[in-house]
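> Any chance you can model this:
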Amino acid sequence: QVQLAESGGGLVQAGGSLRLSCAASGRAISTYTMGWFRQAPGKEREFVALNRQSGWATIYADSVKGRFTISSDDAKNTVYLQMNILKPEDTANYYCAADSRRRIASSSSSYDYWGQGTQVTVSS
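Reported below is the predicted structural model:
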């Protein structure tokens, strides 16, 4: 079992950058598919990016492709989401998630473990 804790959210102007961190404890992130999701008020939770080290796979939602980068540091057992060229529509609560079956899946229902989320607000 893994516990996840996100950090790094905040308020930023459009065009700016933020780096979110997801610190894992209890089990190595390399044994999971790690994903980032986001949820804006009144909207459903949506897929942002995933990274699976086993058989290496990295996938992005079309809305963030070319602007966001997911990465991981096994020594720190931490997953990152570097967000550049932020837009007001990126405003949401961002969640880190882990899939113990290591699938390549963009559906939130595929993920077993979730962090508490970190708020990102992009002003225009």
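
> For the rest of this, base every contact and every neighbour count on C-alpha atoms.
Will do.

> where's residue 83 relative to residue 21, distance?
Look at residue 83 and residue 21: by C-alpha to C-alpha, to the nearest Å, they are 11 Å apart.

> and the residue nearest in space to the middle of the chain, what helix or strand is that in?
Nearest to the mean C-alpha position of the chain, by C-alpha atoms, centre = their mean, lies residue 36 at 2.2 Å. Assigned by DSSP states H and E, residue 36 belongs to strand 33-39.

> which outside residues touch that strand?
45-53, 79, 81, 92-104, 108 (C-alpha atoms under 8 Å, 6 or more residues apart in numbering).

> For residue 2, which non-adjacent residue is closest in space?
Using C-alpha to C-alpha, 6 or more residues apart in numbering and skipping residues adjacent in sequence, the residue nearest residue 2 is residue 26, 4.8 Å away.

> any idea how far residue 46 is from the one you found?
Distance, residue 26 to residue 46, by C-alpha to C-alpha: 26 Å.

> what's the answer for residue 101, then?
When distance is defined by C-alpha to C-alpha, residue 101 is 20 Å away from residue 46.

> what does residue 53 give?
From residue 53 across to residue 46, the span is 22 Å (C-alpha to C-alpha).

> Over to residue 15?
21 Å.

> Kindly report the same for residue 90.
From residue 90 across to residue 46, the span is 11 Å (C-alpha to C-alpha).
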